[in-house]
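Visitor: From the sequence below, what's the structure:
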Amino acid sequence: MKQLPLAALFTSVLLSAAVQAQQKKMEAPRPAPEMKQLEYFVGNWHSEAEMKPGPWGPGGKMSGEDKCSWMEGGFFVVCHSEGSGAMGKMHGIGVMGYDAARKAYTWNGFNSMGENERADGSVSGTTWTYTSDTMMGGQPGKGRYTIVAMSPKSYEFKAESSADGKTWTMMMEGKVTKK
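Guide: Model prediction:
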């Protein structure tokens, strides 16, 4: 009978040591080093663009305002957007991040036109390229959004679409400046 409490005490000490060792190994996750490059987009931005007519809309001038900030923890940049163009006013929210497992930047956006966008990106020098699978005019296709940083406070962009991922059609292009 005396051995049972001693065995229970021994087991309890071992379990406690194992839990403490496990707790020491578990640290809070940290953002991937690649996240630092997204700092470029943090701030308040003004955009001017020209939408080309096509299955995505009538085309025309567009303008917008974006307020982008780090989400608590430093894993994502969240942008709140307001804009207007030929199709009226639009509001949206976009989230930029980095998927370390896939080694790709990510974009997830939702807007008041009912769109839900998801794209994967890469950066080379001052050029960011995001690609997506999308629906254009009821047909599956590809999207490509390219950003070229012109200075710390401005970038130019273009949005293109493709039915086959090889031949691209310009949808929109413009310039964005930091306030």
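Visitor: List the buried residues of the strand or helix carrying residue 148.
Guide: Using DSSP states H and E, the element containing residue 148 is strand 139-151. Of the residues in strand 139-151, those scored as buried under the neighbour-count criterion (16 or more other C-beta atoms under 10 Å) are 141, 142, 143, 144, 145, 146, 147, 149. The C-beta positions use only the backbone N, C-alpha and C, and glycine is treated the same way.
Visitor: Mind listing the strands it pairs with, and their directions?
Guide: Counting by DSSP bridges, the strands paired with strand 139-151 are strand 127-136 (antiparallel), strand 154-162 (antiparallel).
Visitor: now for those, which one comes closest to residue 105?
Guide: When these are ranked by distance to residue 105, counting by C-beta to C-beta, first place goes to strand 127-136 at 7.3 Å.
Visitor: So for that closest one, what gets flagged as buried?
Guide: With the criterion 16+ other C-beta under 10 Å, strand 127-136 contains buried residues 128, 129, 130, 131, 132, 134, 136.
Visitor: do you know how far the fourth one is from residue 121?
Guide: The span separating residue 131 from residue 121 equals 7 Å under the rule C-beta to C-beta, to the nearest Å.
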